[in-house]
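[1] Please find the sequence and the predicted model below.
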Amino acid sequence: MRKITHIVIHCTATVQGKHFTADNIDTWHKQRGWKGIGYHYVIGIDGTIEEGRPEHKIGAHVKGHNRNTIGIVYVGGLNRRLAPKDTRTRKQKRAMKNLLYILKDRYPEAEIVGHRDFSEDINGNGKIEPFEFIKACPCFDVKKEYKCLNEY
């Protein structure tokens, strides 16, 4: 069994309001030469949670950190002008929180973070700041929003 140290939140980097599924993401990832969908869970704009890659398998969602992580992606993350934006619907937020409670019960030591939290601390001050993000993903501050779950 894998030791899970982080639960990582992502966005699909697709325009808000556009419906995509785990099958769509599986196709995109195969087109990139991967074995299949890299995320373990997908949260649709209607709050539906779909399973992607099985939890017992190593994901493909955070380069260099996949061995010990679970990846969750929500559909969206871009506004209509293709700029990063937290586009989560109320249903997505509710579904994400419910899924995180389940995963924290399963992996109590795992920290909930955003993809961007794996960026390098360029100035060495111990904090990943916006100018250091390699990606805006998931377009909201995961550590701040789910602080109570990380202390759970």
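    That came through fine.
[2] Tell me where this protein has helices.
    22-31, 90-106, 142-145, 147-150 (DSSP state H).
[3] With respect to Ile9, which of these lies nearest?
    helix 142-145 (4.9 Å; CB to CB). C-betas here are computed from N, CA, C, even on glycine.
[4] For the closest one, what is the distance to the chain centroid?
    The chain centre lies 12 Å from the centre of helix 142-145; the measure is CA atoms, centre = their mean, to the nearest Å.
[5] other SSEs contacting it?
    On a contact count with 3 or more CB pairs under 8 Å, 6 or more residues apart in numbering; DSSP states H and E, helix 142-145 meets strand 111-114.
[6] other SSEs contacting the strand it packs on?
    strand 6-11, helix 142-145, helix 147-150.
[7] export the ones you listed to CSV and tack on mean neighbour count, mean pLDDT and distance to His65?
    Below are these laid out as CSV (neighbours: other CB atoms under 10 Å; pLDDT from 0 to 100; distance: least, CB to CB, whole Å):
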stretch, mean neighbour count, mean pLDDT, distance to His65
strand 6-11, 25, 98, 7
helix 142-145, 16, 94, 14
helix 147-150, 12, 88, 17
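[8] Make CSV from those and add distance to Ile122 to it.
    Below are those laid out as CSV (distance: least, CB to CB, whole Å):
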stretch, distance to Ile122
strand 6-11, 20
helix 142-145, 18
helix 147-150, 24
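[9] So which of those is nearest Glu132?
    So among the helices and strands packed on strand 111-114, helix 142-145 is nearest, using CB to CB, at 14.3 Å.
[10] Need the CA coordinates for the closest one. PDB is fine.
    Provided in PDB are the C-alpha atoms of helix 142-145 (Å, rounded to 0.1, in the frame of the first residue of the first chain):
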ATOM      1  CA  VAL A 142      -6.300  25.300  -0.900                       C
ATOM      2  CA  LYS A 143      -4.200  25.500   2.300                       C
ATOM      3  CA  LYS A 144      -6.300  28.500   3.500                       C
ATOM      4  CA  GLU A 145      -9.700  27.100   2.500                       C
END
